[in-house]
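# got a sequence here, can you build the structure:
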Amino acid sequence: MRKKIVSALLCAAMAVSMLAGCGGNSGDSKGGSADGGNESGAASEEGGAGEDAGEGTEGDAGSEEGGSAASALPEMTTDEITLTYMNFDNEVLTKHLAEKFTEKYPNIKVEIIYVPAGDEYNDTLLNLVNTGKTPDCFMILGNCDFALSNSLLGDMTEYWENDPENDNILPSVNGAKLGYYGTDQKLSTPMKFFPDAIYADMAVFEKLNVAMPPTNWTWDQMIQAFKDVTSPDEGIYGFNQFHSIVTYYPVAADPNCIGEFGWNGKEFDLTNWAVGVNALGDLMKGKYRAPINDDNGEITAWLGANEWAGFSGKIGFQIDAFWTYLNLFDTDEYRAKGIEFVPYATPSVEGTNAKYKFGVLDFGGISSGTEYPREAYELLKFMGWGLDGWKEKMEAYKTLTDPAVDDTPIWKQSMPAPLTMDEAIWTDYQTSFFPSLKKAEKDEKDEKYGQYFDDYFDQVKQGVIPFGDCQIPGFAGFVGADGPYAGVEDSVFGGEKNASDWVAELTEKANEYNRQAMESAGLTPAQ
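Predicted structure coming up:
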């Protein structure tokens, strides 16, 4: 299945600036990570992208300047030093931030090592390590096992847990102890935050005379909405998927679940995973899900050509990544077709008190070999979650373009949502780049779509849980092509086996893969 081509230049920009993208043969999750997750392969084949200790509270806590907020931390060096930051983010943005960091700390020069997200990134990182040129801090591409098994990550627990600014960040970072990998050591942390979205096409709902579901919907309301906007007579399917409800369900059903497949931070329980698989299987049997490939001519028969369903105007919902709105849905080409996608947050199962949503998080860490761990931590924070860094990012997103990509504004390429919970940043972010009723002067788009976006952001700020491969040691191997999960979903969808029949065996194997990966990396499980 191929996406509609936006432009070769925009496609190239997305490919180097994001980890996952819509389209491709993304139909079935195959363990979430195989559906996109935190993997490389940023854009689709041709159409661009579209993949509580210290629990933060929305407000002004932590909104002091970085220097005073970091007063509980060891002093920064006054020596003239150089720090290197390796990343696959956005080259224009990170170079701009490097200059701003040096303005704040004139004795520290920052060198940016930019490598596009792809096969060369990890190879380049390892080559730098092997030649004695290890970057002081870096982003982690793909599954966490690469960085852990090669002992690349330095322990930043002392800095993280004594930095008051970290009390006012996305709640799931501390609540789910992201970057601890099941240990007592903070070895990495989210650098970019992309909440998933279940986009509803308002035009399809209007055409079918179906009421839009409430924005605070539950799991059952989502499933019912898929069915309500399926109309065989009109050639309309309820939903198309990039990411899968198989991935969503365990987090939606259990407040103690902080990862794919029922991961609670110490072990797996695939009981809720089975419910999610069976739910998707039932929707597929009922023909509520759009065809996902054209192997037997289904898409061509439906659309008249092998095109991406998200561009057809014939689906009620597109389950997709955050950046899809900026890169595709909020473009003249889509609006000219009458497509009016608005985002819904991934729902929770009613009565469970599940608080987290799902999305893509890109992680980063300080190097285990850096000579300046304190300073490297501060640079990493400035590039990722820190308030001072986000103040500079907001200005950059409003003003900077990428000359290498036809001067495309950088916010249109890979802009994440803020990791800081600072209220002023969030208000500026929502009103500057999205429809919102919070604007002093509202236009037609704000009035029509603003409530959906405002409610969506209010919900995803509860905290987002990432794909398993970037936070659970051993998960990538478990769901990989040679792992025990391979072919499991197909066996359920093909009617050979009920998902519940797999629970005991897969739970045991998932936990075994995790234990082996922890031992291989020399990690000690938290007590």
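
# how about the strands in the stretch 51-200 of the chain?
81-87, 108-114, 137-140, 189-195, 197-201 (DSSP state E, counting those that start in this stretch).

# TSV please, covering those strands and showing mean pLDDT and distance to residue 298.
In short, each C-beta sits where N, CA and C put it, glycine included. Formatted as TSV, the strands of the stretch 51-200 of the chain follow (pLDDT from 0 to 100; distance: least, Cβ to Cβ, whole Å):
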stretch	mean pLDDT	distance to residue 298
strand 81-87	98	40
strand 108-114	98	41
strand 137-140	98	38
strand 189-195	97	30
strand 197-201	98	20
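
# now those as CSV including mean neighbour count and distance to residue 425?
What follows is the strands of the stretch 51-200 of the chain, written out as CSV (neighbours: other Cβ atoms under 10 Å; distance: least, Cβ to Cβ, whole Å):
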stretch, mean neighbour count, distance to residue 425
strand 81-87, 21, 21
strand 108-114, 17, 22
strand 137-140, 29, 21
strand 189-195, 26, 12
strand 197-201, 26, 20
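
# quick one: closest of those to residue 293.
Shortest distance between residue 293 and those, using Cβ to Cβ, is found for strand 197-201: 20.7 Å.

# hmm, back to that, so which of the strands of the stretch 51-200 of the chain is nearest residue 213?
Of those, nearest to residue 213 by Cβ to Cβ is strand 197-201, at 7.4 Å.

# re the thing from before, so which of the strands of the stretch 51-200 of the chain comes closest to residue 413?
strand 189-195 (12.2 Å).

# can you name every helix or strand that that closest one contacts?
Strand 189-195 is packed against strand 357-366, helix 373-383, with contacts defined by 3 or more Cβ pairs under 8 Å, 6 or more residues apart in numbering; DSSP states H and E.

# can you pull up the most central residue in this protein?
residue 360 (1.1 Å; Cα atoms, centre = their mean).

# and residue 226, how far is that from residue 317?
Residue 226 is 6 Å from residue 317, where distance means Cβ to Cβ, to the nearest Å.

# can you check which residues contact both of those two?
238, 239 (Cβ atoms under 8 Å, 6 or more residues apart in numbering).

# more crowded one of these two?
Higher neighbour count among residue 226 and residue 317: residue 317, with 27 against 23, using other Cβ atoms under 10 Å.

# and the more buried one, what helix or strand is that in?
Take DSSP states H and E as the rule and residue 317 turns out to sit in strand 315-320.

# partners of that strand in the sheet?
strand 197-201 (antiparallel), strand 237-241 (parallel) (DSSP bridges).

# tell me which of these lies nearest to residue 483.
Here strand 237-241 is closest among the strands paired with strand 315-320 (Cβ to Cβ), at 21.8 Å.

# ok, then the element right after the closest one?
Next element after strand 237-241 (DSSP H and E): helix 245-253.

# returning to what we had before: dump the strands of the stretch 51-200 of the chain into a markdown table; add distance to residue 271 as well.
Shown next, in a markdown table, are those (distance: least, Cβ to Cβ, whole Å):
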| stretch | distance to residue 271 |
| --- | --- |
| strand 81-87 | 38 |
| strand 108-114 | 43 |
| strand 137-140 | 30 |
| strand 189-195 | 26 |
| strand 197-201 | 24 |
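
# flag every buried residue along stretch 387-401.
387, 388, 389, 390, 391, 392, 393, 394, 396, 397, 400 (16 or more other Cβ atoms under 10 Å).

# closest to residue 412 out of those residues?
For those, the nearest to residue 412 is residue 397 (9.3 Å; Cβ to Cβ).

# now do the contacts for that closest one.
With Cβ under 8 Å, 6+ apart, residue 397 has these contacts: 93, 409, 410, 411, 415, 432, 433.

# and if you look at residue 502?
Contacts of residue 502 by Cβ under 8 Å, 6+ apart are 270, 274, 488, 491, 492.

# and residue 305, by the same measure?
residue 299 are the contacts of residue 305 under Cβ under 8 Å, 6+ apart.

# next structured bit after the strand holding residue 317?
helix 323-324.

# now for the helix or strand just after that next one, which elements pack on it?
Per DSSP H and E, helix 323-324 leads on to helix 332-336 as the next helix or strand towards the C-terminus. Helix 332-336 sits against no helix or strand, with contacts defined as 3+ Cβ pairs under 8 Å, 6+ apart.

# ok, residue 302 - contacts?
235, 290, 291, 314 are the contacts of residue 302 under Cβ under 8 Å, 6+ apart.

# now for the first one, how many residues are close by?
I take that to be residue 235. Neighbours of residue 235 (other Cβ under 10 Å): 11.

# again with residue 469
27.

# would you agree it falls within a helix?
Yes: under DSSP: H, G, I helix; E, B strand; the rest coil, residue 469 sits within a helix.

# was I right to think it contacts residue 478?
No: with contact defined as Cβ atoms under 8 Å, residue 469 does not reach residue 478; the gap is 9.2 Å.

# how about the secondary structure of residue 523?
Applying three-state DSSP: residue 523 is coil.

# got a list of what it touches?
148, 181, 182, 183, 473.

# residue 507 and residue 268 touch, don't they?
Yes: counting by Cβ under 8 Å, residue 268 is a contact partner of residue 507 at 5.5 Å.

# spit out the residues that contact the two alike.
residue 262.

# of these two, who's got more company?
Counted by other Cβ under 10 Å, residue 507 and residue 268 do not tie: residue 268 has more neighbours, with 27 against 19.

# which residues in the stretch 1-150 of the chain form helices?
8-17, 66-69, 91-104, 119-130, 144-149 (DSSP state H, counting those that start in this stretch).

# the longest one packs against which elements?
Applying 3+ Cβ pairs under 8 Å, 6+ apart, we find helix 91-104 packed against strand 81-87, strand 108-114, helix 373-383, helix 387-399, strand 401-402.

# residues making contact with it?
Under Cβ under 8 Å, 6+ apart, the answer for helix 91-104 is 66, 85, 87, 108-112, 114, 379, 382-383, 388-389, 392-393, 396-397, 400-404, 410.

# same thing with stretch 262-277?
176-177, 182, 245-250, 253-254, 256-259, 261, 468, 472, 475, 489, 492, 498-500, 502-503, 506-507, 510-511, 514, 525-526.

# buried ones among these?
176-177, 182, 245-250, 253-254, 257-259, 261, 468, 472, 475, 489, 492, 499, 502-503, 506-507, 510-511, 514.

# looking at strand pairing, list the partners for the residue nearest to residue 309 when sequence neighbours are not counted.
Once flanking residues are discounted, residue 309 sits nearest to residue 240: 4.0 Å by Cβ to Cβ, 6 or more residues apart in numbering. Beta-bridge pairing for residue 240 (DSSP bridges): residue 318.

# ok, residue 240 touching residue 324?
No: between residue 240 and residue 324 there is no contact under Cβ under 8 Å: 11.5 Å.

# more neighbours: the two, which one.
Between residue 240 and residue 324, counted using other Cβ under 10 Å, the more crowded position is residue 324 (29 against 26).

# state the distance from the nearest residue to residue 138 once chain neighbours are set aside to residue 99.
Distances taken as Cβ to Cβ, 6+ apart put residue 86 closest to residue 138, at 3.9 Å, once the chain neighbours are dropped. For residue 86, the distance to residue 99 equals 17 Å [Cβ to Cβ].
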